[in-house]
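[1] structure here, sequence nowhere to be found:
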């Protein structure tokens with residue numbers, strides 16, 4: 001844990017290993033890992049470089065870290081590009097990597113931020129710089145917090161999206177780009193394993209973790225330990241592909257199948273995360289870290305980030321552009337508004353078109369698997385707690401411009417930084433293990449920003465991509481498909497990888513979780529208990545019906561998961577109780 005006072009360098013406390021250096025009256029602490037610096041005293045190099053170049057220097061430092069620099073009148077805190085290091089919460093005087101501990105400090109205002117909690121019901125997370133408490137904030141990934149005596153706290157974004165201007169080199173061929181990407185990927189792995197004696201790899205059976213295994217095996221001839229997760233009684237599993245990859249590339253392999261009982265770990269996770277958090281893959285992350293064990297003696301490699309650098313919504317972006325070009329944006333938005341009614345919120349004929357309209361029209365807002373915003377007010381005791389959400393206008397005049405906008409604002413800033421990498425890196429801290437993600441290397445980030453869109457998603461034309469005939473992650477597949485077993489390379493991407501219904505299929509468990517929610521004081525203090533009870537009763541009834549459309553069931557399970565997580569958070573953080581499920 002990291003904690004301290006902004007105006008007192010002697011107050012700092014770091015419970016893990018850190019690097020330290022002092023230059024005159026300036027002190028630096030580096031907690032975590034820096035991958036693109038090689039020196040005997042990295043802290044000295046970082047501090048001197050900052051003193052010579054200023055804040056912009058930090059935009060070139062790649063790793064999983066928090067950097068704290070104290071001077072006599074100023075304190076700055078720096079988080080890495082993707083927020084892989086500790087999450088920093090702060091108020092006017094203090095900061096801490098533990099929100100729970102910070103709210104227990106004397107003179108810290110722990111009034112809940114009801115707007116943030118209402119937003120959580122929709123998004124499954126709390127968007128920074130706000131936190132779940134009104135006068136406590138959190139430092140976003142890739143940002144600097146600046147404290148200066150006598151001045152207001154200030155944050156600086158090291159990676160502003162509006163400053164990213166692609167520099168396309170038309171002289172480069174597809175093979176040129178492939179050679180460069182492949183070289184950067186292997187370099188990223190080398191930097192992260194850094195002569196470790198033990199290397200583990202989380203293997204999903206898909207392209208990204210598979211590519212990590214292929215590239216790792218080309219540069220590393222020692223034992224590789226691989227770990228994969230499946231789901232008991234579900235046909236949504238890539239364990240056969242994982243096993244084939246381990247046999248092909250010679251790893252020591254372990255597997256685990258989730259059965260739904262893992263949800264009992266939710267209180268432990270919620271308390272560690274800080275703000276309320278709910279995401280369909282968090283139990284997979286928790287289970288795979290459990291498989292690799294506490295205090296993993298080396299480095300673990302995850303495949304996260306590659307999907308998001310290439311973009312996760314090629315088809316939806318193409319549809320959005322075609323809608324705009326056809327002049328259908330306004331009428332389809334009107335149709336969407338009409339469909340946003342309770343009578344259509346069922347697995348009926350109009351639910352699916354409404355689902356697809358949501359993902360295609362609100363392209364920059366990203367997918368919503370919690371409660372839609374129009375539905376949230378009925379769950380709140382005070383409707384005013386849900387503040388307006390600014391709409392970001394998509395740049396849909398050109399597919400390339402929309403593509404870049406989506407990658408930066410939705411794929412990376414929202415999905416990757418706030419959700420995917422946040423949960424994985426936070427869970428790694430529970431297990432005291434070092435997890436690294438080669439695909440989110442800073443050099444790869446800049447390479448991808450300058451990669452032509454046609455090599456990110458290959459299609460004959462916009463209409464072809466909108467019809468689902470485009471090849472996503474084209475450059476990546478061009479490189480790694482020939483290196484993989486054919487059955488893995490040709491397997492379609494597994495949609496809805498985590499079948500959330502597995503956590504609610506047991507009648508007794510579902511009843512117990514529902515009773516906990518309704519007994520929580522959040523149903524009196526913040527949520528409308530009658531509406532929550534109505535939702536839970538319908539959920540229980542529909543859980544016994546096997547006919548429901550997969551995505552309808554998935555969304556309803558996510559909504560249950562959000563309410564459950566929020567109730568746990570409320571009891572732990574607001575009421576100070578210890579919860580067990």
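    Looks like it came in fine. All values reported here derive from a predicted model rather than from experimental measurement.

[2] what segments of the stretch 401-550 of the chain are strands?
    For the stretch 401-550 of the chain, applying DSSP state E, counting those that start in this stretch gives strands covering 435-436, 457-458, 471-472.

[3] how about JSON lines for these, with mean neighbour count added?
    C-betas here are computed from N, CA, C, even on glycine. Shown next, in JSON lines, are the strands of the stretch 401-550 of the chain (neighbours: other CB atoms under 10 Å):
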{"stretch": "strand 435-436", "mean neighbour count": "26"}
{"stretch": "strand 457-458", "mean neighbour count": "21"}
{"stretch": "strand 471-472", "mean neighbour count": "18"}
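
[4] make a markdown table from the ones you listed and add mean pLDDT to it.
    Formatted as a markdown table, these follow (pLDDT from 0 to 100):
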| stretch | mean pLDDT |
| --- | --- |
| strand 435-436 | 97 |
| strand 457-458 | 96 |
| strand 471-472 | 94 |
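
[5] and these as TSV, adding distance to residue 299?
    Formatted as TSV, the strands of the stretch 401-550 of the chain follow (distance: least, CB to CB, whole Å):
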stretch	distance to residue 299
strand 435-436	6
strand 457-458	31
strand 471-472	28
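
[6] verify the stated contact: residue 358 with residue 369.
    No. Residue 358 lies out of contact with residue 369 (CB atoms under 8 Å); the separation is 10.3 Å.

[7] okay, residue 96: pLDDT?
    If you check residue 96, the pLDDT there is 97.

[8] could you pull up the residues touching it?
    Contacts for residue 96 (CB atoms under 8 Å, 6 or more residues apart in numbering) come out as 1, 2, 3, 4, 88, 89, 90, 102, 105.

[9] out of those residues, name the ones that lie in helices.
    Secondary structure from DSSP state H places residue 102 of the contacts of residue 96 in helices.

[10] just the buried subset of the contacts of residue 96, please.
    By neighbour count, with 16 or more other CB atoms under 10 Å, the contacts of residue 96 hold 2, 3, 4, 88, 89, 90, 102 as buried.

[11] the stretch 151-300 of the chain: strands as residue ranges?
    Residue ranges of the strands in the stretch 151-300 of the chain, as given by DSSP E, counting those that start in this stretch, are 154-157, 199-202, 224-231, 252-258, 299-301.

[12] mind checking which of those is nearest residue 545?
    strand 224-231 (19.9 Å; CB to CB).

[13] helices or strands next to that closest one in the packing?
    Judged by 3 or more CB pairs under 8 Å, 6 or more residues apart in numbering; DSSP states H and E, the packing partners of strand 224-231 are strand 199-202, helix 207-219, helix 239-249, strand 252-258, helix 282-292.

[14] export the ones you listed as a markdown table, with columns for mean neighbour count, distance to residue 529 and mean pLDDT.
    Shown next, in a markdown table, are the helices and strands packed on strand 224-231 (neighbours: other CB atoms under 10 Å; distance: least, CB to CB, whole Å; pLDDT from 0 to 100):
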| stretch | mean neighbour count | distance to residue 529 | mean pLDDT |
| --- | --- | --- | --- |
| strand 199-202 | 26 | 40 | 97 |
| helix 207-219 | 21 | 43 | 95 |
| helix 239-249 | 19 | 42 | 93 |
| strand 252-258 | 16 | 31 | 96 |
| helix 282-292 | 22 | 26 | 95 |
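
[15] now for the lowest-mean-pLDDT helix or strand in the chain, which elements pack on it?
    The helix or strand of the chain with the poorest confidence is helix 486-489; it has a mean of 82 (mean pLDDT, DSSP states H and E). In terms of contacts (3+ CB pairs under 8 Å, 6+ apart), helix 486-489 is packed against helix 239-249.

[16] give me the contact list for the helix it packs on.
    In contact with helix 239-249 (CB under 8 Å, 6+ apart) are residues 203-206, 210, 213-214, 217, 224, 226, 228, 230, 251, 253, 255, 257, 484-485, 487-488, 491.

[17] how far is it from where the chain is centred?
    Distance of helix 239-249 from the chain centroid (CA atoms, centre = their mean, to the nearest Å) equals 26 Å.

[18] and the angle from that helix to helix 207-219?
    Helix 239-249 runs at 10 degrees relative to helix 207-219, counting by axes from the mean of the first three to the mean of the last three CA atoms, to 10 degrees.

[19] quick one, domains of the chain?
    Structural domains assigned to the chain are 2-158, 174-311+400-461+470-489, following automatic domain parsing.

[20] quick one: those as TSV, columns for distance to residue 573 too.
    Output for those, formatted as TSV (distance: least, CB to CB, whole Å):
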stretch	distance to residue 573
domain 2-158	6
domain 174-311+400-461+470-489	8
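
[21] list the beta-bridge partners for residue 74.
    Beta-bridge pairing for residue 74 (DSSP bridges): residue 148.

[22] which residues touch it?
    Contacts of residue 74 by CB under 8 Å, 6+ apart are 146, 147, 148, 149.

[23] let me know the closest of those to residue 321.
    Out of those, the member with the shortest distance to residue 321 (by CB to CB) is residue 146, at 39.6 Å.

[24] burial measure for the residue nearest to the closest one when sequence neighbours are not counted, as a count.
    Nearest residue to residue 146, sequence neighbours excluded (CB to CB, 6 or more residues apart in numbering): residue 154, at 4.4 Å. Using other CB atoms under 10 Å, the number of residues around residue 154 comes to 11.
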